[in-house]
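K.L.:
below is the sequence, then the predicted model.
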Amino acid sequence: MKNSTQVSYFILGAYFNIGLFKYLLFVIMMCFYVLIICANVLLVVVICVNRSLHEPMYLFLVSLFVNELYGSTGLFPFLLVQILSDIHTVSAPFCFLQIFCLYTYAAREFWTLAIMSYDRYLAICYPLQYHTQMTSTKVAVLVALTWLYPIVLVGVTISLSAPLQLCGNIINTVYCDNYAIVKLACSDTRVNNIYGLSYTSFEVIGLLILILYTYMRILKVCFSGSKQTRQKAVSTCTPHLASLINFFFGCSFQFLHSRFDMSSVPMMLRNVLSLYFLTCQPLFNPLMYGLQMSKIRSLCKRLIFGKT
């Protein structure tokens, strides 16, 4: 049996020496981060200062954009420091803090997108009853649920992983990942695996059923409804569907990277795929909603260029 210990730091083994190219990579990542911050802050400000946008759909968008800022801040500053550093180590407490930030970001993203699909379902399938069913109290409860529930779930995950006795401290990732740490454990991890599988299955299957059901009903209304109903559905659901597809696309890469042997894939490609949904989703969402939704687009122009 290997010697086990309670490690005080982890080594991120996915980084490799790229010489002077690290400065170019640093600039690229910094540009990504600045764009994400500017785009998401702009849309949050536009929605908050315009009373005409104080509707459930736009309030859920504010929650989504704030979550993008939260997740990006949990990744990019750490990533930028690691790119320039020659020693890729991170203390155990900070590593678990980053896991908490990134896991709550991902869970909150999924919950927010699912609730937004429910909101679109009510708006398109029950337009006359929409404002009586989607009240301000209900919106507040749903937003609070999306922010607090992931904290509880991920908090339990961290509390199960932190005390594990580990046989090493090298994780082959560019940021801290809970599953990579659990794989280093010499002690029994059955409780970790059962809990992780249970809550992930419940969350993914439950929310997927909700999303599929709402869009089946929306499609049914579109096919049987008027041209105006179809146009409304397309204009409001297109950016949401695009965001969902992009999110699942990125999560699939992350799942493959963490659960399966990817040693045959070049390390650079593995790193890019593992970072996809943490870098592209926060940039994709504000651009998609800002460009596709005419109300937001016109108000952004007015705020930036002073156009009426």
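P.N.:
It's in.
K.L.:
hey, let's count contacts and neighbours off CA atoms from now on
P.N.:
Noted.
K.L.:
how much space between the closest residue to residue 139 other than its chain neighbours and residue 119?
P.N.:
In space, and not counting its chain neighbours, residue 139 is closest to residue 56: 6.4 Å by Cα to Cα, 6 or more residues apart in numbering. According to Cα to Cα, to the nearest Å, residue 56 stands 8 Å off from residue 119.
K.L.:
who touches both of those two?
P.N.:
Common neighbours of residue 56 and residue 119 (criterion: Cα atoms under 8 Å, 6 or more residues apart in numbering): residue 134.
K.L.:
quick revisit: tell me the contacts of the residue nearest to residue 139?
P.N.:
Contacts for residue 56 (Cα under 8 Å, 6+ apart) come out as 119, 134, 136, 139.
K.L.:
rerun at 10 Å
P.N.:
Counting by Cα atoms under 10 Å, 6 or more residues apart in numbering, residue 56 makes contact with 62, 116, 119-120, 123, 130-131, 134-136, 138-140.
K.L.:
next one: residue 243
P.N.:
Residue 243 is in contact with 113, 237, 249, 281, 282, 284, 285, 286, 288, 289, counting by Cα under 10 Å, 6+ apart.
K.L.:
any of those residues buried? List them.
P.N.:
Neighbour counting over the contacts of residue 243 (16 or more other Cα atoms under 10 Å) leaves 113, 237, 281, 282, 284, 285, 286, 289 as the buried ones.
K.L.:
from those residues, which land in helices?
P.N.:
Among the buried ones among the contacts of residue 243, DSSP state H puts 113, 237, 281, 282, 284, 285, 286, 289 in helices.
K.L.:
how many neighbours does residue 236 have?
P.N.:
18 (other Cα atoms under 10 Å).
K.L.:
what confidence value was assigned to it?
P.N.:
pLDDT for residue 236: 75.
K.L.:
that one contacts residue 218, doesn't it?
P.N.:
No. Counting by Cα atoms under 10 Å, residue 218 is not a contact partner of residue 236; they are 11.3 Å apart.
K.L.:
give me the helix or strand of this protein that scores worst on average pLDDT.
P.N.:
One helix or strand of the chain scores below all others by mean pLDDT, DSSP states H and E: helix 294-305, with a mean of 67.
K.L.:
in the protein, where is pLDDT below threshold?
P.N.:
Along the chain, segments meeting pLDDT under 70 span 1-6, 225, 258-263, 291-297, 299-308.
K.L.:
now the most centrally placed residue in it: which helix or strand?
P.N.:
The centre of the chain sits closest to residue 106, judged by Cα atoms, centre = their mean, with a distance of 3.7 Å. For residue 106, the element it lies in under DSSP states H and E is helix 92-125.
K.L.:
flag every buried residue along that helix.
P.N.:
The neighbour-count check on helix 92-125 (16+ other Cα under 10 Å) flags 92, 95-96, 98-125 as buried.
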